[in-house]
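[1] Prediction below, plus the sequence it came from.
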Amino acid sequence: MKKLFFSILFMAFALSLDACTDGRIVSFDRLPKNAQQLIIQHFSKDNVLMVEMDRDGIRTEYEVRLKDGTEIDFDGDGDLKKIDCQDRRVPDALLPAEVLTYVNGNYPDAFITEWGKDDGRWKAELNNGLDLVFNRKYQFVGFDD
């Protein structure tokens with residue numbers, strides 16, 4: 001009985017140590033390769049201020065903060081989840097062509113400052129304050145409050 005109790009206690013301790021990895025700062029090299037390439041290609045590795053790795057049970061996510069205030073979120077595979085460039089333009093190459101076409105055609109004086117997936121839908125925040133919602137095929141479906 002004592003062995004079982006200590007085994008359970010040890011497993012609980014080991015799991016709590018794993019939980020302590022949530023939100024820890026890691027080196028740029030810990031990012032998945034495709035996330036590293038995206039940053040190097042569009043922002044420069046030298047602009048990286050911090051990389052935070054978040055573990056939520058079996059899921060791993062990364063948040064990268066750049067010196068200019070840009071925040072970029074990646075899933076555990078290094079796929080882009082969200083990018084917030086504050087008041088600057090999200091690089092066009094990171095946006096689907098359908099979304100760019102819609103925004104440029106309907107809001108020619110505006111540009112996208114934030115792009116990301118939320119509840120299965122894609123959202124684009126424009127520099128004029130509008131929040132646009134797109135479906136999985138990148139078709140405009142409405143405005144977000």
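    Yes, it's here.
[2] For the rest of this, base every contact and every neighbour count on C-alpha atoms.
    OK.
[3] From the centroid of this structure, which residue is nearest?
    Centroid-nearest residue in the chain: residue 73, 1.6 Å away (criterion: Cα atoms, centre = their mean).
[4] Give the helix, strand or coil label for it.
    Classification of residue 73 by DSSP: H, G, I helix; E, B strand; the rest coil places it in strand.
[5] doesn't residue 64 make contact with it?
    Yes. Contact criterion Cα atoms under 8 Å: residue 73 and residue 64 qualify, at 6.3 Å.
[6] hmm, back to that, in contact with the residue nearest to the centre of the chain, which residues are there?
    61-64, 80-83 (Cα atoms under 8 Å, 6 or more residues apart in numbering).
[7] try residue 27
    So residue 27 contacts 50-51 (Cα under 8 Å, 6+ apart).
[8] Look up phi and psi at it.
    Dihedral pair for residue 27: phi -80, psi 160, per degrees, to the nearest 10.
[9] ok, now how distant is it from residue 66?
    13 Å (Cα to Cα, to the nearest Å).
[10] so where is this protein shaky, pLDDT-wise?
    By pLDDT under 70, the low-scoring segments of the chain are 1-22.
[11] Can you show me the helices along it?
    Here the chain has its helices, by DSSP state H, at 2-19, 33-42, 97-106.
[12] Report the inter-axis angle for the second one versus strand 71-75.
    So that's helix 33-42. Using axes from the mean of the first three to the mean of the last three Cα atoms, to 10 degrees, the inter-axis angle of helix 33-42 relative to strand 71-75 is 150 degrees.
[13] Name the residues of helix 33-42 that are buried.
    35-36, 38-39 (16 or more other Cα atoms under 10 Å).
[14] I'd assumed residue 139 was in contact with residue 98.
    Yes. Here residue 98 reaches residue 139: they are 7.2 Å apart, a contact under Cα under 8 Å.
[15] gap between the two ends of stretch 113-122?
    14 Å.
[16] who touches that stretch?
    Contacts with stretch 113-122, where a contact means Cα under 8 Å, 6+ apart, come from 80-90, 95, 123-127, 133-136, 138.
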